[in-house]
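J.: Predicted structure and sequence below. I'll ask about it afterward.
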Amino acid sequence: MAMLPADQLKRRIVAIRTRRHQVAELLDDAAYRDLLQRTADVTSTTQIKRLAQADAVLREFDRLGLGQPAKRRPVQADKKPANEWAFVFSLPVETQALAKKIYRCAQKIGALQEPKVKIMPKAWVEGIIAQSKGYKLNGQVCKVVAPLETCGPVHMHVLIQILESWAKKLEEAKHA
């Protein structure tokens, strides 16, 4: 017996919420709501009324590699992704230029390493960001915790400053 569209929608919404909870430490509430707004033009899963909206959100989770879909092939530990920085070139226009600057900073820091590497891994960049003390915005200390793919322009500006200061420290250490 085929499942009714209402039941299909309920299952997809449950899948969205499950995947959101799987990545709660990576995807803060603002980034999650931004993802919903970008993909389904809603700010909450309670506003999703069509299967197409729910499918769009789930596809975005898949594209970003957030959470575990219901059926997933096991990942081979020795295999690296083809290009972990490919997401930079598929971001929305308002953040793509900033993401490219982060990419160039990662390249610059990689070139300053001994031995040199083409580009620092995305995980390294996110680790540096996680270790940062944060920044002040409207008198409040904020911390960037979202994955690079979901950061907005404000967070990306902060990330660029953090990475540029890292590059400067490495250059100074190299010339000392």
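T.: Cool, the structure landed.

J.: All the strands of the chain, residue numbers only.
T.: 135-137, 140-142 (DSSP state E).

J.: By mean pLDDT, show me the worst of these.
T.: Among these, strand 135-137 carries the lowest mean pLDDT, at a mean of 61.

J.: check contacts around G67.
T.: G67 makes contact with 18-20, 22-23, 61 under the criterion C-beta atoms under 8 Å, 6 or more residues apart in numbering. Every residue, glycine included, has its C-beta placed from N, CA and C.

J.: If you drop the residues flanking it in sequence, what lies closest to it?
T.: The shortest distance from G67 to any non-neighbouring residue, by C-beta to C-beta, 6 or more residues apart in numbering, is to R19 (3.0 Å).

J.: List the buried residues of stretch 89-107.
T.: For stretch 89-107, the neighbour count (16 or more other C-beta atoms under 10 Å) marks 91, 95, 98-99, 101-103, 105-107 as buried.

J.: Near L35, how many other residues are there?
T.: Residues lying near L35 (other C-beta atoms under 10 Å) number 21.

J.: Over to A86?
T.: Burial of A86 is recorded as 9 neighbouring residues (other C-beta under 10 Å).

J.: now D34
T.: Counted with other C-beta under 10 Å, D34 comes out at 17.

J.: roughly how far apart are it and P92?
T.: 10 Å (C-beta to C-beta, to the nearest Å).

J.: I162 now?
T.: Distance, I162 to P92, using C-beta to C-beta: 22 Å.

J.: Output the below-cut-off pLDDT ranges for this structure.
T.: Within the chain, the segments meeting pLDDT under 70 span 1-3, 69-82, 133-146.

J.: can you pull out the helices in it?
T.: With DSSP state H as the criterion, the chain has helices at 5-22, 29-40, 51-64, 93-111, 122-131, 153-175.

J.: Could you turn the buried ones of the contacts of G67 into a PyMOL selection?
T.: A single PyMOL command is used to select the members of these judged buried by 16+ other C-beta under 10 Å:
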select buried, resi 19+20+23+61
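
J.: between the contacts of G67, which is closest to A173?
T.: Of all these, V23 has the smallest distance to A173: 35.1 Å, by C-beta to C-beta.

J.: Touching, the closest one and L66? I think so.
T.: Yes: using C-beta atoms under 8 Å, V23 is in contact with L66, at 4.7 Å.
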